[in-house]
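# Sequence plus predicted model, see below.
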Amino acid sequence: MWSWCVPVLCLRRRMVKALYDGRLAVDIAGLKMATPVTTGSGTFGFGLEFTDFLDLEKVGAVTVKGTSLEPAAGNKGQRAVETPSGMLNCIGLENPGSEYFLEHTLPELKKYNVPVIVNIYGHTPEEYGAVAKKLGVDGVDAVEINISCPNVKEGGIVFGTVPEAAAEVVRAVKANTSKMVIAKLSPNVTDIVVMAKAVEAAGADAISMINTLLGTKIDIERQRPVLGNVTGGLSGPAVRPVAVRLVYQVAQAVHIPIIGMGGIMCAEDAIEFMLAGASAVAVGTANFVQPDIAETIAHGMLAYLDRHNAQNISEIVGLALPEGKKSMPLFNEAE
């Protein structure tokens, strides 16, 4: 089993009340969230699957699974396997398509008072733009451009590893939507700061990072790769130090907010990302083992603020950087 942080004990009634006192409220490039905790695409379904376990209205935003213009079947063969302190997956962005989402899923999500972020992908910049245009409807608050999935053979990782290709996708999406646009970055690059600057220059309103690390697991008895796709994306606690390091670097280089993700299992992990410069966080793999983790993390954040005599969660953003918030162009420009 993976190692977990010691949970922060608190009086649930007091913590829930504090959620609505605005102490965890953040504004990410115009996207107003009651808490800085959203859900990682691909780990939370469409959000509706989790309503038996947590109150969606106590999550900062619901980020739904990767959605394409047309339905996609995903990869063949075994698509997930547990690894030490994490898991590998090669789902391949299986989804029912944008039409199904708009007709069946979005109407149900609109019953909840929570922002909805739709993760989108395509095989060409034009296709990304077409998906974004189709999702330009009431009830969709932002689109997250998946240019970093390692599990699709066209698009995905190709766009996520070449700065100009990533920028081209961002421009295509921005030209087709008035929604907030988030670019999701891959760690499988030589210099993620170059990628971050490229998508910022192309018009991205925010960055989410990191997507999964590329990995392979071998079955030593069969002497063959376990996953049908051979490679898969590594997520979970094993990737967290890498993710925090990359957020730490990018936060000192761009003028747009970062949604940090990668191995967050508890409030302490989420706070680490925010101290490194993330303005919000996304919890992914942990949803599989603790379905109410997004709400639990929010409670732990409030306890942290109390311990450190802070009023609002935004106060801690970037405090671990060399010169604190002064190291972040995001805040320097605002000032």
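That came in fine, so what should we check first?

# Pull out the buried residues from stretch 305-314.
In terms of neighbour count (16 or more other CB atoms under 10 Å), stretch 305-314 has its buried residues at 305, 313, 314. (Glycine included, C-beta is placed from N, CA and C.)

# cool, and stretch 83-102?
Applying 16+ other CB under 10 Å to stretch 83-102 flags 83, 85-98, 101-102 as buried.

# List the buried residues for the helix or strand containing residue 168?
Element membership for residue 168 (DSSP states H and E) is helix 163-174. For helix 163-174, the neighbour count (16+ other CB under 10 Å) marks 163, 165, 166, 167, 168, 169, 170, 171, 172, 173, 174 as buried.

# Quick check: residue 183 is in a strand.
Yes - per DSSP: H, G, I helix; E, B strand; the rest coil, residue 183 lies within a strand segment.

# ok, back up a step: wait, which of the buried residues of stretch 305-314 is closest to residue 255?
Minimum distance to residue 255 across the buried residues of stretch 305-314 is 16.4 Å, recorded for residue 314 (CB to CB).

# which ones among the buried residues of stretch 305-314 are found in helices?
By the criterion of DSSP state H, membership of the buried residues of stretch 305-314 in helices covers residue 305.

# so can I have CSV of the buried residues of stretch 305-314 showing pLDDT and distance to residue 145?
Formatted as CSV, those follow (pLDDT from 0 to 100; distance: CB to CB, whole Å):
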residue, pLDDT, distance to residue 145
305, 97, 32
313, 97, 26
314, 97, 25
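
# What's the local residue count around the closest residue to residue 187 other than its chain neighbours?
Counting by CB to CB, 6 or more residues apart in numbering, residue 187 lies nearest to residue 210, which is 4.2 Å off, once chain neighbours are set aside. Number of residues near residue 210 (other CB atoms under 10 Å) recorded here: 28.

# dump the residue contacts of residue 140.
Contacts for residue 140 (CB atoms under 8 Å, 6 or more residues apart in numbering) come out as 106, 116, 118, 179.

# no, scratch that, I was asking about residue 207
Residue 207 neighbours (CB under 8 Å, 6+ apart): 182-185, 196, 199-200, 250, 254, 256-259.

# Now the residue of the chain most remote from its centre: which helix or strand?
No residue in the chain has its C-alpha farther from the mean C-alpha position than residue 221, which lies at 35.8 Å (CA atoms, centre = their mean). In this assignment (DSSP H and E), residue 221 forms part of neither any helix nor any strand.

# likewise residue 291?
Residue-wise, residue 291 maps onto no helix or strand under DSSP H and E.

# before we move on, the earlier item: state the distance from the residue farthest from the centre of the chain to residue 86.
Distance of residue 221 to residue 86, computed by CB to CB, to the nearest Å: 22 Å.

# before we move on, what about residue 106?
Residue 106 sits 31 Å away from residue 86, going by CB to CB.

# got it, and residue 317?
26 Å.

# Next: residue 186.
17 Å.

# before we move on, what about residue 259?
Relative to residue 86, and taking CB to CB, residue 259 is found at 20 Å.

# lowest confidence element among the helices and strands of this protein?
helix 12-19 (a mean of 44; mean pLDDT, DSSP states H and E).

# moving C-terminal of it, what's the next helix or strand?
strand 26-28.

# what residues does that next one touch?
32-33, 35-36, 60, 180, 206, 257, 259, 279-280, 313-314.

# go with 6 Å
Contacts to strand 26-28, defined as CB atoms under 6 Å, 6 or more residues apart in numbering, come from residues 33, 36, 206, 257, 279, 280, 314.

# Which ones among those residues map onto strands?
33, 206, 280 (DSSP state E).

# Neighbour-wise, give me the winner out of the residues you listed.
Result: residue 280 is most packed of the ones in strands among the contacts of strand 26-28 (other CB under 10 Å), 28 neighbours.
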